[in-house]
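# Predicted model and sequence below, questions to follow.
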Number of protein chains: 4
Amino acid sequence: MANNEKQETIIKAALEVFRNYGYSKTRMADVARKAGVSYGLVYHYFGSKEVLFDTIVNMWWKALYGVLEEQKSSTDDFPKKLVKVVEFFFDTYQDNPDLISIFVTEVSRSSIYRTSRGLEKFKRFFALCEEIMKQGQDSGFLRKDIKPHYLTYIFFGEIEAFISILVLGKEPLNKSRKNRAINAIIQVFLQGARG
Amino acid sequence: MANNEKQETIIKAALEVFRNYGYSKTRMADVARKAGVSYGLVYHYFGSKEVLFDTIVNMWWKALYGVLEEQKSSTDDFPKKLVKVVEFFFDTYQDNPDLISIFVTEVSRSSIYRTSRGLEKFKRFFALCEEIMKQGQDSGFLRKDIKPHYLTYIFFGEIEAFISILVLGKEPLNKSRKNRAINAIIQVFLQGARG
Amino acid sequence: MANNEKQETIIKAALEVFRNYGYSKTRMADVARKAGVSYGLVYHYFGSKEVLFDTIVNMWWKALYGVLEEQKSSTDDFPKKLVKVVEFFFDTYQDNPDLISIFVTEVSRSSIYRTSRGLEKFKRFFALCEEIMKQGQDSGFLRKDIKPHYLTYIFFGEIEAFISILVLGKEPLNKSRKNRAINAIIQVFLQGARG
Amino acid sequence: MANNEKQETIIKAALEVFRNYGYSKTRMADVARKAGVSYGLVYHYFGSKEVLFDTIVNMWWKALYGVLEEQKSSTDDFPKKLVKVVEFFFDTYQDNPDLISIFVTEVSRSSIYRTSRGLEKFKRFFALCEEIMKQGQDSGFLRKDIKPHYLTYIFFGEIEAFISILVLGKEPLNKSRKNRAINAIIQVFLQGARG
DNA sequence: GATGAATGAGTCTTCATTCAT
DNA sequence: AATGAATGAAGACTCATTCAT
């Protein structure tokens, strides 16, 4: 247990430091200092800077996959599924802004993630999204003249743009703003923006 | 003339190196080698790695602002304006993939760009987009129940997601794929994705 | 203890290297090699070349201020005080020739020390000397028609010229030469050089 | 003639730059810019940074040797000779403060001058001084129980300390201050400081 | 004479990582 | 488990100097 506490302290510190400085400019010394432990202990639990970073990033992927799997097999109607997915992003922004910030700024498009391992994560993510989009098409909720992976890009792009704005502006998010944003995303995605 | 040639050689090399390695991992030595010039010459023309990078990034902003200003004051109808904007992104991907790749991976959401100077660039970009969206609302093409800056995020997010996919996958782009993607973006943005 | 030993090893090495090459031509690599430690350890203990140099220079100032404070508050008669001060310079030349060499060649008049911080050190030094000179005037040992700070410059100039000769010539100093030199300085300062 | 003008422009600029930044921190580019000429021209006239510096320093030595030779062979009485020597330093401070500043801060004790060539200059200087001191002893003006080279160090040390104070403080020097300082030096050297 | 573009060796400094205690 | 001293590879940047024009 004691170990786990230390590990979590380190992860919490790393989350904050990676978020504030980015992967490259983050020094292991900063993480250790912020966590209040020695250099060596960070290396004891996490073997390298990269492993530490991956540990954090995997927390994100795991949570995201979880939500997508859940919605994929959910019996909710399609629009409800979309809402759940969008909500996940905004909830994470509220509960763990460091985590989603790191995703947006250091993972989502970052060159540091352009490894085969990094791309795998995205492929799995897009594959899950695509399956949900197919469900939407099959159930008649989505137009069929646009490829499901195109719909995926568009839907994910809308969400990410919103989250990025929040992240870059370090903006707070209250309940009503959150709902307005989610509505805008869902409505424009489904009904379009035309007047 | 001769000067400009060398400078351009260096910029071309930098474009490629920054794109392939990202800002952090790019070494000035790589740029010099790729450009076929000496170490010092890069510093002769561009005072530092940061200046070199900024020079490149500003090429992007200048081009982007140019298109947006043009569309803002154009007399085309609104959907045509949107098409022009989207086309700009895809054309740049074809003509100068290094440039847009750097924008997507190193600028758009990168922590290295989260400086006040960097944010200014984005603000001006979003301000221009917003004005165009307002024109769309005023001319009745866009619904008025969603704030123009929300529409901006959504529209820009859709484009960027597509471009990112191309960039990350280093995918080639022929004419028909390009048109299909542009159509998808415009149609979903305007009419929505519902079946 | 172990730490202090390493730090002192580095300082000893730095003393020698700075003395032999001067601040500008001294390379941190030389210091590390001479100390038998790695490159990074010098930076571990001293953050930069400048800090390392300052550490050394401050050793000198501390010792010098100590002697001057001591003589200022001593109850010895005035000529005795002067002797003590002069002896300090010559003793330091014997015990730590690197230290006083650095003072003479790199600090005393060097342009690298013409910072406000550097000048402060000199001001405090001259202020202490001046107070001792005032004591000499008040006790009737020194003529009153010459300003005490003029007397300071003259006295300090005499000492420094001698020490400089030793330093520049890397001359050894035995007891009798030392006494002869001290005598010459004190006598000429007090009685003058006239025949 | 035109050439000489350019050369002198460069020397004037170099004098100022070397004085303000010191040898190490002075960049040839600074000298060229200050002189209003190109890099290359500085190299055209002076082959290297070292040669440029030596040219300047030799101006000083030449002037100094000139005064000492003159006084050595002058028929003035000894105290008058001393006054002439001291006056030379103070006059130079008034007429060409950059030159004497460079001497004091970059030559007099600087490690960069600890070459055999540099030491030769000093030896010749001290030899000339010593001969004048011997004249003083022979003519009964100076005590004979102190070696002439000791008297040289003391006398030169007094002068240099004064000049250094002026240089380091960048102090202006009017006629009365100058005379007071010269008097103090001569009087204390000859009669001593005792009350 | 005059220019300034071009060169590249030389140095400081950073920081991930190791390992003895 | 925990520490932090120790390592050294890596990389940005400087600047004296050269040389084609």
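All right, it came through fine. Residues are numbered from 1 along each chain as shown, chains lettered A, B, ... in the order given.

# Please parse chain A into its domains.
A:1-47, A:50-191 (automatic domain parsing).

# Turn those into CSV, including distance to residue C:48.
All C-beta atoms are positioned from the backbone trio N, CA, C, and that covers glycine. Shown next, in CSV, are these (distance: least, Cβ to Cβ, whole Å):
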stretch, distance to residue C:48
domain A:1-47, 17
domain A:50-191, 29
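
# now, of these, which is deepest in the fold?
Comparing the domains of chain A by mean neighbour count (mean count of other Cβ atoms under 10 Å in any protein chain shown), domain A:50-191 comes out on top with a mean of 18.

# Nearest to DNA strand F, out of the domains of chain A?
For DNA strand F, the closest of the domains of chain A is domain A:1-47, at 2.2 Å, according to Cβ to the nearest atom of the strand.

# does DNA strand F sit close to that closest one?
Yes. Using Cβ under 7 Å from any atom of the strand, domain A:1-47 comes into contact with DNA strand F via A:2-3, A:6, A:37-41, A:43-45.

# of those, closest to residue D:180?
Nearest to residue D:180 out of those is residue A:39 (Cβ to Cβ; 62.5 Å).

# what's the closest non-adjacent residue to that closest one?
Leaving aside its sequence neighbours, residue A:39 sits nearest to residue A:32 (Cβ to Cβ, 6 or more residues apart in numbering or on different chains; 5.0 Å).

# Just the closest of the residues of domain A:1-47 next to DNA strand F to chain C, please.
residue A:39 (11.9 Å; Cβ to the nearest Cβ).

# so how far is chain D from the closest one?
36 Å (Cβ to the nearest Cβ, to the nearest Å).

# One more: residue A:105?
Per Cβ to the nearest Cβ, residue A:105 is found 40 Å from chain D.

# Likewise for residue A:5?
Residue A:5 is 53 Å from chain D, by Cβ to the nearest Cβ.

# Just say helix, strand or coil for that residue.
Secondary structure state of residue A:5, per DSSP: H, G, I helix; E, B strand; the rest coil, is helix.

# any idea how far it lies from residue A:36?
As for residue A:5, its distance to residue A:36 is 12 Å (criterion: Cβ to Cβ, to the nearest Å).

# just to revisit the earlier point, which residues does the helix or strand harbouring the residue nearest to residue A:39 contact?
For residue A:32, the element it lies in under DSSP states H and E is helix A:28-35. Outside helix A:28-35, the residues within contact range by Cβ atoms under 8 Å, 6 or more residues apart in numbering or on different chains are A:9-10, A:12-14, A:16-17, A:21, A:38-39, A:41-43, A:49, A:52.

# Flag the least confident of the residues of domain A:1-47 next to DNA strand F.
Lowest pLDDT of the residues of domain A:1-47 next to DNA strand F: residue A:2, 48.

# Which helix or which strand is home to the closest residue to residue A:24 other than its chain neighbours?
Spatial nearest neighbour of residue A:24, excluding adjacent residues (Cβ to Cβ, 6+ apart): residue B:24 at 3.8 Å. Using DSSP H and E, residue B:24 sits in helix B:2-25.

# what sits against residue A:161?
B:153-154, B:156-158, B:160.

# all helices for chain A, in order.
For chain A, the helices defined by DSSP state H cover A:2-25, A:28-35, A:39-45, A:49-72, A:78-95, A:97-102, A:116-138, A:148-168, A:175-191.

# so which of those comes closest to residue C:186?
That would be helix A:28-35 among the helices of chain A, by Cβ to Cβ, at 55.0 Å.
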